[in-house]
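Visitor: from the sequence below, what's the structure:
(2 chains)
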Amino acid sequence: MIFLKYAVWRFFTMLLTLWVVSILVFVIINLPPGDYLSNQIAELRATGQAEGVAKAEFLRHEYALDQPLWKQYMIWAGIAQGPQGYSGLVQGNFGWSFEFDRPVSEIVGSALWMTVLVNLAAVLFVYLIALPLGVLAAAKSETWVDYSAGFLGYLGLATPNFLLALILFYYGHKYFGLPIGGLMAPELEGYPMSWEKVQSVLLHLIVPTFVIGTAGAAAMMQRLRANMLDELGKPYVETAKAKGLAPARLLVKYPLRMAFNPFVADIGNLLPAMVSGSVLVSVVLGLQTIGPYLLTALKSQDQFLAAFILMFVALLTLIGTMISDMLLVLLDPRIRYGARGT
Amino acid sequence: MTALLHVNDLSIGFGKDAPVVDRVSFSVNAGETLALVGESGSGKTLTCRSVLRVLPEAAQLRGGSVQFASQGQTVDLMNLPEKAMRAIRGDRISMIFQEPMRSLSPLHRLGNQVAEVLWLHRNMGRAEAKRVVLEEFREVGFANPEQVWNSYPFEMSGGMRQRAMIAMAMVAKPDLLIADEPTTALDVTTQAQVLGLIRTLQADTGMAVILVTHDLGVVANMAQHVVVMHKGRVMERGLARDILRAPAHPYTAKLFAAAPTIPKVAAPARPSNDQDIILSLKDVSKTYTMRAAGWRKPVAVPACQHIDLQLARGKTLAIVGESGSGKTTCARIAIGAEPPDTGGEVLFRPATGAPPLPVHTMTGTERSAFQRQAQMVFQDPYSSLSPRMRVQEALTEPMEIHGIGSAGDRRDKAAEMLRWVGLSPDMLRRFPHAFSGGQRQRLSIARALTLDPKLLICDEPTSALDVSVQEQILSLLEDIRERANLSYLFISHDLAVVARIADEVAVMRRGVIVEQAAPDTLFYNPQHPYTRALIAAQPEPDISRPIDLDLVAKGAGSPALWPESFRFTGDNPPALREMEPGHMVRCHA
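Guide: Residues are numbered from 1 along each chain as shown, chains lettered A, B, ... in the order given. A predicted model of the protein is given here:
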């Protein structure tokens, strides 16, 4: 019951945050002078293509770019009436991409899911690698296990992602026949989901997951190790030992449980770091995620496309923090009772 | 009769250093209590932990044997394989640790943590284990075992947690219980109750107890045999009644002399009334607001209510109470670190006959002067000195802040203050980690003195120290008070410490002063049930004067259960009334 109440409350604060983020995103995108259309109009005028200018002027009016900024925002968000009535984010209309001359939703549609997929895979990879390695390194601290785990970790942290990507592509292809670039075999693109397609995507995911996740896993492992070492010195561990618990069971039941909090709290931080970190990696690896679109949109001041992608990343982050907050409440009674106010 | 446990020539050391436990031998018989007594660093804790082999990783067992006779056979615990050792831990021999706050996992319910012992050693199913644990909870004095089963440790007070800890140690009915300073972190009234509980359980089950303590009063109340340790060696060993009556070894005698006791007084002298008041608190209350999450209403928590206190120049006013009684809040308000609720006022009179200044509405210059004249000495000398500052920097910093003297003057003053507190000026170049606890407390006193203050607020200045060191610090404080004509506001939880240094004692309980008088009057004729409980709970190093648990339980319980003339409920206590000149008691007329 308490948890449900907390979840509802947390959800509302998330919506509130999202709203603030939308204002920030919109303002920041509009900070550079001019917009995509005014740039285009200037260019068309210079080359003397009058009919193009008319179309651009029409679009400018259609998307209310001739309005003051606050009004533009309200229309984009869908809380004020624009030229097409109420039609904005709230109504599910994400706007028009001038660069690609198509609705935003059409462009990013499949890329969104690929982004979620790639990043989820990376997050899973981070946790699956960091958890056992971190615990092992702490339990066997200052032995060869600890040192080699640490060495691997630093290697992962220190190697630039694109370099890692190139190395993995080369050797992966040479020895395991892994595909290079993309998220699925080119001949399957545009076809509906099939078993073959799923297999292809999974195979293509291996290298990107590794590249995007390594640094995060290394950092997470070190954090978990440090937390565990702190916990291992606490009196309650001694109590458990004096009870006659066997070492492995003791480790999992008490200190790991305590060291788990920061581990869980990191979900929220991990998601945005992965998404923004993977923009460049996606370009290098030729992944059909939103990363490359974001880069293009920002370069050409394609404001609705850029704004939507940024909002989407913000949403992922907020969902990540919400999940980690709720997990913390489930995991740690101290937080749960703190939220209850007793 | 063979001993249950026989420790023979036990030696423990770290690295290449000399052993910290050196050829220690003692034995414990079934059903008896043995007290291991010593100050910090005496090796008593390492000794008792080596019995269960739960030592820090760096510690090496260098020799000796620990013979344990259980269920008809004798085993040497030093040479037992790890797996067999695990079967003994928690089952045949169990342990209670010093800090109930940190010795239980905060993330697991108490029921789970206690029942774990039975799951491990008795192969019990969940339901059966729960039944046994609930019974044990009842035995250690929980009124509502079912609720305790579902509670987390942080939902309970220190005393309750220690009870749960005891239940955990007792639930498998061990042959031997090792209690490592089980009551040191507890308030004196709680301590009395927990000691009583251990004694009762021991009588019921016939187990042996090894009690590790630094407090001879606890020994007198609990043990039949005593082993006195100092620097890793046994100084003296024997029957408690012999050693407590006539300590043979000079070290034991020294421990005795240092133990603070509540004096037995004949009729007290009349207090004088011609008072030159340096600090007065007038109707000071403080209410904290607990922040609540989400849309919940914040909760108001009164920390102290309607405190009226007056401190005469050159005297010591002590505020005594257990944790949570509001005594530290009073000190913080007195020094201006926190404002009182509206209506309260703190007045400070810098010199005899000078007009009193309100501490919380001073001008900038007045405040700066006040900060020079009122200084504070903190409880924990380990964390109140920056580990990165040399002694000289720590001692000259206050003068630098107030722009007093040249660099040379400051250094001279710092050297002089070191001499005052009994340290040598050539220690100025050292860092705090090179000093012992007692020396650090001397340093913080020296630091407080560098500004030539008139008022010193001491917040439990001796409670983190060993008894013999505590003695020295108290003498030093008395000495300095005479020498510099200082006035002390002295905060403590320990009536015995206060008995020695205070001219006036205010006993606080749950935010209100329940009784106030000169110490002689207070100890000669305590009126309030809570004061009586505090006095009764103080363990005396004299086996003929055991703690009167009844008296303690009555006075330390809820105000709603006090005798009729003192009883109150909620937040409306009766007024403080003057019973005789200079003796105030909170009671109904």
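Visitor: point out where the stretch 201-350 of chain B drops to low pLDDT.
Guide: By pLDDT under 70, the weakly predicted segments of the stretch 201-350 of chain B are B:265-274, B:290-297.
Visitor: give me the domain ranges for the chain.
Guide: In the absence of a named chain, chain A is used. Domain assignment of chain A by automatic domain parsing yields the ranges A:2-103, A:106-331.
Visitor: not quite, I wanted chain B
Guide: Taking automatic domain parsing as the criterion, chain B consists of the domains B:1-92+B:177-261, B:98-173, B:277-502.
Visitor: and the stretch 101-250 of chain A, which residues reach chain B?
Guide: A:234, A:235, A:236, A:238, A:239, A:240, A:241, A:242, A:243, A:244, A:245, A:246 (Cβ under 8 Å from any Cβ of the partner chain). In this view, the C-beta of every residue, glycine as well, is placed from N, C-alpha and C.
Visitor: the fourth one against residue B:97, yeah?
Guide: Yes: under the criterion of Cβ atoms under 8 Å, residue A:238 is in contact with residue B:97, at a separation of 6.8 Å.
Visitor: okay, now residue B:442: neighbour count?
Guide: Residues contacting residue B:442 under the criterion other Cβ atoms under 10 Å in any protein chain shown number 23.
Visitor: and the strand or helix carrying residue B:285, what's buried?
Guide: Taking DSSP states H and E as the criterion, residue B:285 maps to strand B:277-290. Buried positions in strand B:277-290, judged by neighbour count with 16 or more other Cβ atoms under 10 Å in any protein chain shown: B:277, B:278, B:279, B:280, B:281, B:282, B:284, B:285, B:286.
Visitor: correct me, but the fourth one touches residue B:313?
Guide: In other words, residue B:280. No: Residue B:280 is beyond contact range of residue B:313, at 11.5 Å (criterion: Cβ under 8 Å).
Visitor: now do the strands in chain A.
Guide: A:96-97, A:102-103 (DSSP state E).
Visitor: what parts of chain B come near chain A?
Guide: B:52, B:54, B:86-91, B:94-95, B:97-99, B:102-108, B:116-117, B:120-121, B:152, B:154-155, B:165, B:168, B:290, B:292-296, B:299.
Visitor: select only the buried ones of the residues you listed in PyMOL?
Guide: Restricted to buried positions by 16+ other Cβ under 10 Å, the PyMOL selection for these reads:
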select buried, chain B and resi 52+54+86+88+89+90+91+94+95+97+98+99+102+103+104+105+106+107+108+116+117+120+121+152+155+165+168
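Visitor: mind checking which of the residues of chain B next to chain A are in helices?
Guide: With DSSP state H as the criterion, helices contain B:52, B:86, B:87, B:88, B:116, B:117, B:120, B:121, B:165, B:168 from among the residues of chain B next to chain A.
Visitor: closest one of those to residue B:462?
Guide: residue B:165 (26.6 Å; Cβ to Cβ).
Visitor: what pLDDT does the model give the closest one?
Guide: Per-residue pLDDT puts residue B:165 at 92.
Visitor: now swap in residue A:194 and tell me
Guide: Predicted confidence (pLDDT) for residue A:194: 79.
Visitor: again with residue A:58
Guide: 81.
Visitor: with residue B:111 instead?
Guide: For residue B:111, pLDDT reads 93.
Visitor: hmm, it is touching residue B:130, no?
Guide: Yes: counting by Cβ under 8 Å, residue B:111 does reach residue B:130; the two are 6.8 Å apart.
Visitor: check the gap between residue B:132 and chain A for me.
Guide: Separation of residue B:132 from chain A (Cβ to the nearest Cβ, to the nearest Å): 15 Å.
Visitor: pLDDT of the helix or strand hosting that residue, averaged?
Guide: Using DSSP H and E, residue B:132 sits within helix B:126-139. Mean pLDDT, helix B:126-139: 92.
Visitor: next secondary structure element downstream of that helix?
Guide: Using DSSP H and E, the helix or strand that directly follows helix B:126-139 along the chain is helix B:145-149.
Visitor: with only the CA atoms kept, save that next one in CSV.
Guide: Written as CSV, here are the backbone C-alpha positions of helix B:145-149 (Å, rounded to 0.1, in the frame of the first residue of the first chain):
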residue,chain,number,x,y,z
PRO,B,145,7.2,-11.0,20.3
GLU,B,146,5.2,-11.2,17.1
GLN,B,147,5.8,-7.5,16.4
VAL,B,148,9.5,-7.8,17.2
TRP,B,149,9.7,-10.7,14.8
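Visitor: helices or strands up against it?
Guide: helix B:110-122, helix B:126-139 (3 or more Cβ pairs under 8 Å, 6 or more residues apart in numbering or on different chains; DSSP states H and E).
Visitor: which strands or helices does the first one pack on?
Guide: Contacting helix B:110-122 under the criterion 3+ Cβ pairs under 8 Å, 6+ apart are the following elements: helix A:235-243, helix B:126-139, helix B:145-149, helix B:158-170.
Visitor: so which of the ones you listed is the most packed in?
Guide: Neighbour counts (mean count of other Cβ atoms under 10 Å in any protein chain shown) averaged over each of these peak at helix B:158-170, with a mean of 25.
Visitor: show me the contact partners of it.
Guide: A:239, A:243, B:90, B:94-97, B:100-101, B:103-104, B:110, B:113-114, B:117, B:133, B:136-137, B:139-142, B:148, B:153, B:156, B:177, B:182-183, B:185-187, B:190, B:193-194, B:197-198, B:201, B:205, B:323 (Cβ atoms under 8 Å, 6 or more residues apart in numbering or on different chains).
Visitor: what's the burial count for the closest residue to chain B within the stretch 1-150 of chain A?
Guide: Of all residues in the stretch 1-150 of chain A, residue A:9 sits closest to chain B, at 4.9 Å by Cβ to the nearest Cβ. By other Cβ under 10 Å, the residues close to residue A:9 number 14.
Visitor: what of residue B:82?
Guide: Counted with other Cβ under 10 Å, residue B:82 comes out at 9.
Visitor: so residue B:505, which of the three states?
Guide: strand (DSSP: H, G, I helix; E, B strand; the rest coil).
Visitor: may I have the residues that are in contact with it?
Guide: With Cβ under 8 Å, 6+ apart, residue B:505 has these contacts: B:317, B:318, B:319, B:320, B:495, B:498, B:516, B:517, B:518, B:519, B:522.
Visitor: adding secondary structure and neighbour count, write the residues you listed out as CSV.
Guide: Below are these laid out as CSV (DSSP: H, G, I helix; E, B strand; the rest coil; neighbours: other Cβ atoms under 10 Å in any protein chain shown):
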residue, secondary structure, neighbour count
B:317, strand, 24
B:318, strand, 25
B:319, strand, 29
B:320, strand, 28
B:495, helix, 25
B:498, helix, 26
B:516, strand, 25
B:517, strand, 27
B:518, coil, 18
B:519, helix, 23
B:522, helix, 29
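Visitor: any chance of CSV for those, columns distance to residue B:217?
Guide: Converted to CSV, the contacts of residue B:505 look like this (distance: Cβ to Cβ, whole Å):
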residue, distance to residue B:217
B:317, 26
B:318, 20
B:319, 22
B:320, 17
B:495, 12
B:498, 16
B:516, 25
B:517, 24
B:518, 24
B:519, 18
B:522, 19
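Visitor: which one of the residues you listed is nearest to residue A:161?
Guide: When those are compared against residue A:161 (criterion: Cβ to Cβ), the nearest one is residue B:319, at 62.1 Å.
Visitor: the closest one: what's its closest spatial neighbour, skipping adjacent residues?
Guide: Nearest-residue entry for residue B:319: residue B:327, 4.5 Å, with adjacent residues in sequence omitted and distances by Cβ to Cβ, 6 or more residues apart in numbering or on different chains.
Visitor: you'd agree the one you found is up against residue B:489?
Guide: No: counting by Cβ under 8 Å, residue B:327 stays clear of residue B:489, with 10.1 Å between them.
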